[in-house]
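Q: Got a predicted structure plus its sequence, pasted below:
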Amino acid sequence: MRWFTALLGVAILTAVAAIVLVLPKEGDAPESDRSPTAPSPSTASSAALIPEASAFTDPCGTFGTETPSPYAVTGYWLIPTVDHCTWRRQLAAIHKVGGDTVIRIGWGLQARRLDGEGRVLDNEGKAVDPRYEPCVEDGLPCMAAAERDLQAANPGNRVTWTFVYRTDEAFGPDLFHCPEFERKITIGKTVFYRLVTTDNGTDDPTCANIRNKGRGYHVMLIAAAEKDSLAELLDLGDRFGVRVFPALPLAPRDPGQKTRAAKQGTNTLITITRRILQDYGARFQGRDSLGGFYQPFELQMREMRYTGSIDPAEALKDHPTLRVYAAQHQIVEQEMPGKPILVSPYLDARKQWPISATPKQVAAGFEALAKTGVGIIAPQDSRGTGKVGLFWPDERDDRVDERLRSVVGKTATNGSAYHGSTRDYYREMAAARDRMVERGYNVQLWANVEAFEPSQGEFCQDRTGSRGRTDKKRLDTAVTQVGRYVSKVVSYMWSDFFTCGSPSLAEEIARDYDRPIPVDAVRRERDIQDGVEIRGYNMPLGSEVTITWDGQDAPRVVEVAGVDLTEPPPDLPVGMGTAWIPFDWRQVPGGTWIRIEVTSPNGRTAAAALHVRVKV
């Protein structure tokens, strides 16, 4: 009862039932506790991993496994690297700021043409692709050798389509179903894998049918690595207490509409997904550091239809990418049950774009996406691209952030530029998540806050294009907007937006990790005293809360009187807690927007204030 001692001398406030704290009609959920979240898709993805040791030394250096600077963002995307010491440095730095999850960027399965000699051509079909050209067997390009072997087994066999896939992984023998026709090919330090499968989508478990009946076949050539990056990442995950989400093979794109997955390549995508996951199952089953799988084919979150119907007429009405998702996700469930699939679609709230979507339309898309078998939906907040803005309902008439004007116009206001704010979209998706949980879908809502800006700003790498890194203040503000509604906050991406510049964003976080980040404020009585409960990060006893509103004589400054006094809802993000202050709501005029700022005992004020309003 520390809070009660702190309140001695404070006048007992009479309860006034006519005044309640609510959040805006346009913008927020009711003031009661955050609506319940879905249970974790698997215990393996939710229980904390414990680092193996306090420090370890290897050829890349000495790395500590302590977590001195835990931040609200706890997961990050990584770009593959050929420098294996970079993995160690990255995971050490991520763990240092409280990261417990890394998500791998992946590669796509691509249909490719061959030249007259059987060599793989580039995407445009104009020149031999140097990545696959070294693959030679018995003096023949590997694709030509595969066709030779198939026709030797049965003259009626033919290759109807050829695919390529690249990765920095190395696979074991469980990748193959028919070692007589499928094999690992090592050329110097370059490793290739040759796979064959029937073009009708069946994937024979043995070689028998290749000889028994002439059929059409797809041949896949994988350019891989001598050393397996995933095994290395999982070992590092065990050391640092970090879970790894490797990417599933990316579906081929529809040549007529690049934003959609190509239906024509689905059978081959399913085959390579199954083979890779069977190999994973043989090598990694039971590894806690394998957190799940990332679905890398990006799509826009908007109103979409997915029924999964087997009726051809009904199936045509489904979103084609969602049907490809569902087919691939079913393989994950069959081969690696209990490992959730994570997908990160983007939002577009820009009113002037016909393809944009309102918060309600995005919520409908969330429900359709959940039906495909995903366990974690981590929508991009899309602030980094400028497609959504960070603002409160009482800021709709304010001009957009200066860094967004190159995207939506120099004179645009938040309300004229966007259908809603980041908070509006996550509120509606949280409600959609709850509806899907009630229907039996085991799905979580995470937030992917983008760590970059629409224009270049501070240049990072050529591969990031015109995007420049953001700053911690803006990242804190994004966490404030989404934090009420999600069970985890992750960010795109560690490499390179957190590591470029001086100081880097990662260094900013390490120096300023414990600045307050409030995400929610509700009216909450303690015994007979009226007050406010603030949910967020880094709000210990001794913090001060400043409450202001228009027409106020002077700001109200109140010290936090208690922390974590109520039982938290399930599946809150790691590190989130509550702070309570006494406050007499009768002094605030009905319908007035109030701003709540939190300042730590060492004088650091949160990057963003909370905006709430009361009505009689």
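A: It's in.

Q: The stretch 51-200 of the chain: strands as residue ranges?
A: Per DSSP state E, counting those that start in this stretch, the stretch 51-200 of the chain carries strands over the ranges 55-58, 61-64, 75-78, 101-104, 110-111, 136-137, 140-141, 158-166, 183-187, 190-198.

Q: which of those is buried the deepest?
A: strand 101-104 (a mean of 25; mean count of other CB atoms under 10 Å). (Glycine included, C-beta is placed from N, CA and C.)

Q: Run through the neighbouring helices and strands of that strand.
A: Identification of packing neighbours for strand 101-104 by 3 or more CB pairs under 8 Å, 6 or more residues apart in numbering; DSSP states H and E yields strand 75-78, helix 84-96, helix 229-240, strand 243-245.

Q: Export these as a markdown table, with columns for mean pLDDT and distance to Ile270.
A: As requested, the helices and strands packed on strand 101-104 are exported to a markdown table (pLDDT from 0 to 100; distance: least, CB to CB, whole Å):
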| stretch | mean pLDDT | distance to Ile270 |
| --- | --- | --- |
| strand 75-78 | 96 | 25 |
| helix 84-96 | 91 | 30 |
| helix 229-240 | 94 | 20 |
| strand 243-245 | 98 | 20 |
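
Q: Point out the most buried one among those.
A: Ranked by mean neighbours (mean count of other CB under 10 Å), the helices and strands packed on strand 101-104 are led by strand 243-245, with a mean of 25.

Q: ranges for the helices of the stretch 251-400 of the chain?
A: 266-284, 312-315, 320-335, 359-370 (DSSP state H, counting those that start in this stretch).

Q: And the ones you listed, which one averages the lowest pLDDT?
A: With a mean of 92, helix 312-315 has the lowest mean pLDDT of those.

Q: that older thread, Val532 is nearest to which of the strands of the stretch 51-200 of the chain?
A: strand 75-78 (30.1 Å; CB to CB).

Q: so what strands line up beside that closest one?
A: Sheet pairing for strand 75-78, assigned by DSSP bridges, gives strand 101-104 (parallel), strand 489-492 (parallel).

Q: Switch those strands over to CSV; also include mean pLDDT and distance to Ala326.
A: Output for those, formatted as CSV (pLDDT from 0 to 100; distance: least, CB to CB, whole Å):
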stretch, mean pLDDT, distance to Ala326
strand 101-104, 97, 21
strand 489-492, 98, 24
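
Q: and Gln110, which of the helices and strands packed on strand 101-104 is closest to it?
A: Ranking these by proximity to Gln110 (CB to CB) places helix 229-240 first, at 20.2 Å.

Q: distance between the ends of stretch 92-101?
A: 12 Å (CA to CA, to the nearest Å).

Q: mind starting the numbering at 51 from now?
A: Okay, residue one is now 51; in that scheme the one you just asked about reads as stretch 142-151.

Q: How about the contacts made by the nearest residue to Thr435 once chain neighbours are set aside?
A: Excluding the flanking residues, the one nearest Thr435 by CB to CB, 6 or more residues apart in numbering is Pro504, at 6.0 Å. Contacts of Pro504 were listed using CB atoms under 8 Å, 6 or more residues apart in numbering, and they are Gly434, Thr435, Gly436, Arg453, Leu454, Ser456, Val457, Ser516, Arg517.

Q: Surely the third one touches Val457?
A: What that stands for is Gly436. Yes - the criterion here is CB atoms under 8 Å, and Gly436 meets it with Val457 at 3.1 Å.

Q: who's more crowded, the two?
A: Legend: neighbour count by other CB atoms under 10 Å for Gly436 and Val457, higher for Gly436 (24 against 17).

Q: re earlier: include distance to Leu419 when you put the helices and strands packed on strand 151-154 into TSV, please.
A: Below are the helices and strands packed on strand 151-154 laid out as TSV (distance: least, CB to CB, whole Å):
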stretch	distance to Leu419
strand 125-128	19
helix 134-146	27
helix 279-290	26
strand 293-295	17
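
Q: which residue packs closest to Leu340, ignoring adjacent ones?
A: Using CB to CB, 6+ apart, the closest residue to Leu340 is Phe334 (5.2 Å).

Q: how close does the one you found get to Leu283?
A: Remark: distance between Phe334 and Leu283 (CB to CB, to the nearest Å) = 11 Å.

Q: One more: Glu116?
A: As judged by CB to CB, Glu116 and Leu283 stand 20 Å apart.

Q: And Gln411, by the same measure?
A: In terms of CB to CB, Gln411 sits 37 Å off from Leu283.

Q: do the same with Met386
A: Distance from Met386 to Leu283, counting by CB to CB: 16 Å.

Q: re earlier: what's the most buried one of the helices of the stretch 301-450 of the chain?
A: Ranked by mean neighbours (mean count of other CB under 10 Å), the helices of the stretch 301-450 of the chain are led by helix 409-420, with a mean of 22.

Q: so what secondary structure elements neighbour that helix?
A: When contacts are defined as 3+ CB pairs under 8 Å, 6+ apart, helix 409-420 packs onto helix 370-385, strand 426-427, helix 472-488.

Q: Measure how it sits relative to helix 472-488, angle-wise.
A: Orientation check (axes from the mean of the first three to the mean of the last three CA atoms, to 10 degrees): helix 409-420 against helix 472-488 gives 40 degrees.

Q: Am I right that Ile597 falls within a strand?
A: Yes - according to DSSP: H, G, I helix; E, B strand; the rest coil, Ile597 belongs to a strand.

Q: Could you report the neighbour count for Asp614?
A: Using other CB under 10 Å: Asp614 sits among 12 other residues.

Q: Check whether it really touches Gly627, as I assumed.
A: Yes - using CB under 8 Å, Asp614 is in contact with Gly627, at 4.9 Å.
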